[in-house]
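Asker: test case, fold it:
(chains A and B)
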Protein chains: 2
Amino acid sequence: MAERLSADARRQALGSLPGWTEVQGRDAIAKTFVFKDFNEAFGFMTRAALVAEKMDHHPEWRNVYKTVEVVLSTHDAGGLTKLDIELATTMNAIAKLTQA
Amino acid sequence: MAERLSADARRQALGSLPGWTEVQGRDAIAKTFVFKDFNEAFGFMTRAALVAEKMDHHPEWRNVYKTVEVVLSTHDAGGLTKLDIELATTMNAIAKLTQA
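Answerer: Below you'll find the model as predicted:
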């Protein structure tokens, strides 16, 4: 099972994850992605869902039209692990492609 | 543009929409769908997204693993319209097929 990241490791990881921030009062990270329209937003979600399912590590996310708010945390570990960093990194890459 | 439903029309529509309830403090309806796993939950979302895009009427929704919380309201009309009832009805039908 993935282990929770130390404060140092988390800080370092966030440093190379544009747009992701720590969630207040919870060991989790969050980012709000804004796209051009629903087509782009749900396209992003679909690509991210396939990756998440393959990783067996799933986001908490909320979609309203062109906006997707994502929260990542590893429930089994009770906090942030390398799985979250990996998924966040992939989501940033997918968003970049989706918005291109 | 779709017009807001009267209190009577809303009550009648909700009567034939199993699982949907009025949202407190807002002219909107909500339902939490629970599936077997993420595959089913996101499968439901994908089918609903295609319908929503075609209708040009989109849900507010949140997904956490096998759960999908949906809120429907017509922003342009400032409240519930027949578009919401139509999308809610379709979502119930899709969920039933997805869970079959």
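Asker: same for the helix or strand hosting residue A:10, what does it pack against?
Answerer: Using DSSP states H and E, residue A:10 sits in helix A:7-15. With contacts defined as 3 or more C-beta pairs under 8 Å, 6 or more residues apart in numbering or on different chains; DSSP states H and E, the packing partners of helix A:7-15 are strand A:21-22. C-beta coordinates here come from the backbone N, C-alpha and C atoms, glycine included.
Asker: list the contacts of the strand it packs on.
Answerer: Contacts to strand A:21-22, defined as C-beta atoms under 8 Å, 6 or more residues apart in numbering or on different chains, come from residues A:10, A:14, A:28-31.
Asker: in chain A, what residue is nearest chain B?
Answerer: Among all residues of chain A, residue A:62 sits closest to chain B, at 4.1 Å; criterion: C-beta to the nearest C-beta.
Asker: relative orientation of the strand or helix carrying that residue and strand B:60-64 in degrees?
Answerer: Residue A:62 belongs to strand A:60-64 when assigned by DSSP H and E. Put simply, strand A:60-64 runs at 170 degrees to strand B:60-64, going by axes from the mean of the first three to the mean of the last three C-alpha atoms, to 10 degrees.
Asker: of the contacts of strand A:21-22 - the most surrounded one?
Answerer: Each of the contacts of strand A:21-22 was scored for neighbours by other C-beta atoms under 10 Å in any protein chain shown, and residue A:29 scores highest at 23 neighbours.
Asker: so it makes contact with residue A:19?
Answerer: No. Applying C-beta atoms under 8 Å, one finds residue A:29 not in contact with residue A:19, separated by 10.0 Å.
Asker: give me the pLDDT for residue A:100.
Answerer: Residue A:100 carries a pLDDT score of 69 in this model.
Asker: typed the wrong thing, it's residue A:7
Answerer: Taking residue A:7 on its own, its pLDDT is 88.
Asker: residues near the residue lying closest to residue A:89 once chain neighbours are set aside, how many?
Answerer: Sequence neighbours aside, residue A:17 is the residue nearest to residue A:89 in space, at 6.5 Å (criterion: C-beta to C-beta, 6 or more residues apart in numbering or on different chains). Other residues near residue A:17 come to 16 when the count uses other C-beta under 10 Å.
Asker: before I go, just wanted to say thanks for your time.
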